[in-house]
Structures are given as structure tokens and as C-alpha cells.
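Trainee: sequence below, structure please.
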Amino acid sequence: DMHMLPAGAPVHVTAGSGVNIDEFTHAPVENDENIAAGRIRFVLVSRLLISKGVRVFAEAARRIKQRHPHAEFHLVGPCDPNPNRVDESEVHQWVAEGTLKHHGMVKDVAALLQAMHVFVLPTWYREGVPHATLEALATGRPVITTNSVGARECVKLTAEGEKQREHGEMLMQGENGFLCQPQNVAAVKCAMEWYLAHPDHIAAQGRASRQLAAEVFDVRLVNDTIIRAMRLKSPPQEAVGLSSLVIPQSSSL
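Mentor: All right, here's what the predicted structure looks like:
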């Protein structure tokens, strides 16, 4: 669109860098006693950057805690030297006041996601497809994220959700979660409250997330797209070249 490439240059955009759905296995939450008791666990996995929506997550959690004290909010990720960072003192304050629990850097993210119920990433960072969100999809967790580049691909909107997006509404319904307007605390709060009011939908939306991961973001599918784009799967009589530009839309934290 910006005419940065020569006319006619072949370009292939992949579905992120993909996720290993065998490593991040589906962990169904049917008959989960914590969900039944209202102890729904919301988790954000990210570097602690303002534009990743960390403050938005914390403020939405603070508001919800006033009416739903049993809901849990988990923040996973390291502090960051980026000027866009959330200050460590802010995180300590959130923990001290009981708004959320901060886990810091976690090596076994797969196990942590299996202990959670809903994944949240209210980002307006110029994402690829965030890898943490892909991991949550593969684990079978509903996703609350934003109608922002890279992030929006991880929620499959319903017909009603598409209308909500067309009308510029702050919250858009998906088959496996919600899209929110970026930087909108009220939208994230509403999405979280929906799960608290409809806990019986968490398992079904989690299955839809897993299906999306398997059908679109499976790393084997993504790798196959890249290999074919680079003509590394060509028949013997064809010349093998690297004339295509492959753009994996991905990031980790």
C-alpha cells in the first residue's frame, strides 16, 4: 500500500508465526469448580508496556473487584526498560491493594495458561499477531483483545460482532471472545463482566479458540505457507529461488 516494494513483487502474509498446538495442548474447563464458584481467573501475558494495555487491564480489574471480589486477575511478564514501560512501583501498588497478582517472568507459560480461564490483551501496540494470544487460543481460552492491527485476527467475530464493528461500538462479540476499542477501560470491563455473568459460555468459547488455533494458526500450516512461498517445495524441474518476500506477522511479548 505504501509502494515500498517494486511493482509486481510477490508478497505472502502469514497467519503470524504460528503456534505449536502440541506443546500448548487444549485444556478444557468443563466442570471447573472455580468457574462455578465465580472465581474466574483473567490473565494478561505481556511485557509490562503501557501500549500493551497493562494499565487498562489493571484499572478494569480494580473496578470489577468492587462488585466481584472473588474474580482473580493475573499479570504475567517482566518489567521492561522501554520508555513506554509501566513503572514497577505501579505494579507493586496493584498487588498491595489486592487488584491483581503479578507473576513476573514465567518459564512454563503453557502450565500457567492451563490454570487460567480467560486471556486478556487490551493492546494498541503495533502488533504482529501476539504469540501469547496464540498460545492462549491453543490452550482453549476465550480471548479479550482489541480491534487493533495484529490483535483482531485472534477473535472470530459473529455476524452481530461484525455489525458492532461497522457501527464503531466499543465492544464486539466474537465466537471465541471479544474485541474492544483500544484504550477503552469500560469496554474491557464490560467484556470481563460478561464472563462473570455467563460463566457457562467459557468452555464453549474456549473450544472455539482451540479450533481457530488448529485451523488457522497451527505452526505446521504457517511453515508450509512460508516454505511454498520461498519455493522450497517446488518440483525437481523447477528452479528454486527466494524471490518472494515472506512477512510473518508475529511477536512474542
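
Trainee: any regions of the stretch 151-253 of the chain where pLDDT drops low?
Mentor: Within the stretch 151-253 of the chain, the segments meeting pLDDT under 70 span 234-253.

Trainee: so where do the helices sit in it?
Mentor: For the stretch 151-253 of the chain, the helices defined by DSSP state H, counting those that start in this stretch occupy 159-166, 185-197, 202-212, 219-229.

Trainee: likewise for the stretch 1-150 of the chain?
Mentor: Taking DSSP H, counting those that start in this stretch to define them, one finds helices in the stretch 1-150 of the chain at 33-36, 54-67, 88-96, 109-114, 131-139.

Trainee: export those to TSV and tack on mean neighbour count, distance to residue 209 and mean pLDDT?
Mentor: In this view, the C-beta of every residue, glycine as well, is placed from N, C-alpha and C. Below are the helices of the stretch 1-150 of the chain laid out as TSV (neighbours: other Cβ atoms under 10 Å; distance: least, Cβ to Cβ, whole Å; pLDDT from 0 to 100):
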stretch	mean neighbour count	distance to residue 209	mean pLDDT
helix 33-36	13	15	95
helix 54-67	20	19	98
helix 88-96	14	27	97
helix 109-114	18	11	97
helix 131-139	27	4	97
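
Trainee: possible to save those as a markdown table with distance to residue 156?
Mentor: Output for the helices of the stretch 1-150 of the chain, formatted as a markdown table (distance: least, Cβ to Cβ, whole Å):
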| stretch | distance to residue 156 |
| --- | --- |
| helix 33-36 | 22 |
| helix 54-67 | 22 |
| helix 88-96 | 31 |
| helix 109-114 | 19 |
| helix 131-139 | 10 |
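
Trainee: that older thread, for residue 87, find the nearest of the helices of the stretch 151-253 of the chain.
Mentor: Nearest of those to residue 87, taken as Cβ to Cβ: helix 185-197 at 18.5 Å.

Trainee: which parts of that closest one are buried?
Mentor: Going by neighbour count (16 or more other Cβ atoms under 10 Å), the buried part of helix 185-197 is 185, 187-196.

Trainee: go on, stretch 98-110?
Mentor: Neighbour counts over stretch 98-110 (16+ other Cβ under 10 Å) mark 99-100, 102, 109-110 as buried.

Trainee: over to stretch 116-134?
Mentor: 116-125, 127-134.

Trainee: first-to-last residue distance for it?
Mentor: Its start and end residues considered, stretch 116-134 measures 15 Å (Cα to Cα, to the nearest Å).
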